[in-house]
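# The following block contains a protein sequence and its predicted model.
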Amino acid sequence: MRASRPTSRTGRLMVSPAVLMLFVWMIVPLAMTVYFSTQYYNLLYPGKTSFVGLENFAYFFTYPSFFTSVINTLLLVGSVLAITVVFGVLISVLVDAPFPGQGIVRMLLISPFFIMPTVSALVWKNLLMNPVSGFFAWLSVSLGMTPVNWFSDWPLLSIILIVAWEWLPFAILIFITSLQSMNQEQKDAAQMDGANAFAVFRYLTLPHLARPIAVVVMVESIFLLNIFAEIFTTTSGGPGDATTNLPFLIFTQALLEFDVGAASAGGLVAVVLANIVAYFLIRLIGKSLTEA
Amino acid sequence: MKRLDHVRIAALGLGLLLGTSSAHAQTFLTIGTVNNGDMVRMQTLAKAYEAKHPDVRLNWVVLDENTLRQRLTTDITTSGGQFDVVTIGAYEAPMWGRQNWLTELKNLPASYEVEDLMPNVRKQLSVEGRLYAVPFYSEGSITYYRTDLFAAKQLTMPAEPTWEDIRGFAEKLHEPARGIYGICLRGKAGWGENMALVTTMVNAFGGRWFDEHWEPEIDSPEWHKAVNFYVDLLSKFGPPGPSSNGFNENLALFNSGKCGMWVDASVAGAFVTDRTQSQVPDKAGFAKAPRQVTAKGSSWLWTWALSIPASSRKQQAALDFILWATSKEYGQLVAERYGISAMPPGTRLSTYANQAYLSATPFAEVTQEAILTADPTSPSIKPVPYVGVQFATIPEFQAVASLVGRQISGALAGNSRVDKILHTSQGAVRRTMKRAGYYDKK
């Protein structure tokens, strides 16, 4: 049933204000960022604003922390994705079979997702990972070990743990939901044919989860590229550049150095990087989405 | 007919508006300040001010130093006009005054006794003799040490220790098993955190930030010696995880009896001797900030001051408030409520002429000396093109010192070698300065 030509034209006409509105809403900030990225514009030097071409980009790319921050961004996204997908699948398979208190356990598993990033970062920083008064320190002291100095000895790992803790519930939520739609008869049939639990997991559950895994990886990587609050509240990008990712680097340019030009250039670099990541993700994962 | 209605309604609305505003002609002052102990106290005591000025309502924005600076800088540079009173330091006052972002403070009433403000401090807040801010409190850096631990090990702290002396003491005092660390120093990255201390160390080792042509000297032998000394000292005899300790963290460590020595702002004197917050109130000793090859620039000079942005539309009320908060009368009020040693230190000559204050505060003398001897125009034994002991009063300094501070805190955490990061920093600093056009002028 295709709409006839005149109807589709009217339809297009009707949605055009909304499309135009959305377009303006998107293009104005982007255009301003592009404009500022070609200016030497430091808030502290109001009189010195001038056109500098691509100097801001050159400045941003050769900033001593730039390379480290790209690596950190990729490490952060990659490890959190790996942790959330692997543990997400294992945990959801574990709580899929009915057992008493299943509802409560599932709710508890999902709840960390609804805590604000700043709050969970503070909880981890002060109540859990603090080397003097934190829970982990208490635990290791009572086991006769020296407490780990999380944020100075393992800064990036600490951030990865916090962020993974926040996003694991999201993965579990998706996987649990998807597991409920799995064909029980097929599973029973496989078991009657002599397949053990591992074989069922390997040949039935995992293929069934391929699609939700793709969704989790896509959605999470979009959000994980922008992790900021957790870093800001715990390590402020340090020690050194150990936990500086791209958003944090841009923040330091804009708000610690008041260099609007370089920060705009950095913002555009981040947009391009996000698009590259998204392009490869969609090519890689989009296939599995359309296949099924 | 319809038109008339509109006019009538508009008139009625205007009348109501004017009527209500004249009924309570209240002035709301928005004050941005730092969450340091003395300012929090000011917020409490300001109730007395509001009681005397029923037409003024104070609206406080209390933030930590870095966040406050971001908020104030973006507001003032873009003429946002959100704040009527701002708390700024010796770094911002002359720079922003020169840009006409602040209101010049002139024709102050005689009762304020502007001549009573310490000349050294007043100079930091002025541009060519024009005053742009009034000091709330002021500080030098001094050495704190535990007299009981020194006595137990039969050590004596000289009045003017060298960094070499400090290292020797730290080695003897360091007993982590008993929860006592030889020395606590700032390690948290930031131009107002670790770099304040590191810069005074560099000065003491004979170094400087820039030469006369604005070429950075971070790769110089003096910097290498000073920063290597600092990293070695703090990682061997300091508390665990020093790269996350700033002023407040070190104060908490010292107050809970965990530091043998501590080199930091003199303003902490009032806190370490305060029985309500310190576990070692009568065991704290005070000496000058450590020197090394020179004493020049080995103690910093900093002032927290109140000022009025030019964009504020409540200039008169704001002026009245800042004069009250920095007056002798306010000092008396603090003394009555919190004890005489809690008076805002380092701003008024009369405070240090007051015998009652001097005998109640063991740190008064060393504080006064630290402030009076620090010379922002000549912080190093070598000539410098900038003004400021532990900073340079140029807009680029925040960027430059934040960057170097981050690198040094990384070296402190053991992520990279000092010599390497100083070399990288040198290049990065030169780049920023070049970009800002420092080398085009010749």
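In hand now; what should we look at? These numbers were taken from a predicted model, which means no experiment stands behind them.
# Tell me which residues touch the residue lying closest to residue A:205 once chain neighbours are set aside, please.
Spatial nearest neighbour of residue A:205, chain neighbours left out: residue A:93 (6.2 Å); criterion: CB to CB, 6 or more residues apart in numbering or on different chains. Bear in mind the C-beta positions are built from the backbone N, C-alpha and C, glycine included. Residue A:93 sits next to A:175, A:179, A:201, A:205 when contact means CB atoms under 8 Å, 6 or more residues apart in numbering or on different chains.
# Counting neighbours, what do you get for the last one?
The criterion is other CB atoms under 10 Å in any protein chain shown. On that basis, residue A:205 has 19 neighbouring residues.
# And it, how close does it get to residue A:86?
14 Å (CB to CB, to the nearest Å).
# three-state assignment of the residue in chain A positioned nearest to chain B?
For chain A, the residue closest to chain B is residue A:240, as judged by CB to the nearest CB, at 1.7 Å. The three-state assignment at residue A:240 reads coil, by DSSP: H, G, I helix; E, B strand; the rest coil.
# show me what contacts it?
By CB under 8 Å, 6+ apart, the residues touching residue A:240 are B:406-407, B:409-411, B:413, B:415-416, B:421.
# run the last query once more with 7 Å
B:406-407, B:409-410, B:413, B:415-416 (CB atoms under 7 Å, 6 or more residues apart in numbering or on different chains).
# Among those residues, which lie within helices?
B:406-407, B:409-410 (DSSP state H).
# Run through the strands of the stretch 101-250 of chain B in chain order.
Using DSSP state E, counting those that start in this stretch, the strands of the stretch 101-250 of chain B run over residues B:126-127, B:130-131, B:134-146, B:181-184.
# Ok, which of those strands comes nearest residue B:118?
Minimum separation from residue B:118 across those (CB to CB) falls at strand B:134-146, 6.8 Å.
# how many other residues sit next to residue 26?
You didn't say which chain, so I picked chain A. Residue A:26 has 10 nearby residues by other CB under 10 Å.
# wait, chain B
Here the count is done by other CB under 10 Å, and residue B:26 has 10 residues near it.
# now do the one 5 residues further on
By other CB under 10 Å, 23 other residues sit near residue B:31.
# residues of the strand or helix carrying it that come out buried?
If you go by DSSP states H and E, residue B:31 is part of strand B:27-34. Across strand B:27-34, burial judged by 16 or more other CB atoms under 10 Å in any protein chain shown covers B:27, B:29-34.
# So which residues of chain A form strands?
Using DSSP state E, the strands of chain A run over A:39-40, A:50-51.
# and these as a markdown table, adding distance to residue A:126 and mean neighbour count?
A markdown table is the format used below for the strands of chain A (distance: least, CB to CB, whole Å; neighbours: other CB atoms under 10 Å in any protein chain shown):
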| stretch | distance to residue A:126 | mean neighbour count |
| --- | --- | --- |
| strand A:39-40 | 41 | 20 |
| strand A:50-51 | 46 | 10 |
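# give me phi/psi at residue B:58?
With angles defined as degrees, to the nearest 10, residue B:58 sits at phi -100, psi 130.
# Surely it is in contact with residue B:27?
No: Residue B:58 is not in contact with residue B:27 according to CB atoms under 7 Å; the separation is 9.7 Å.
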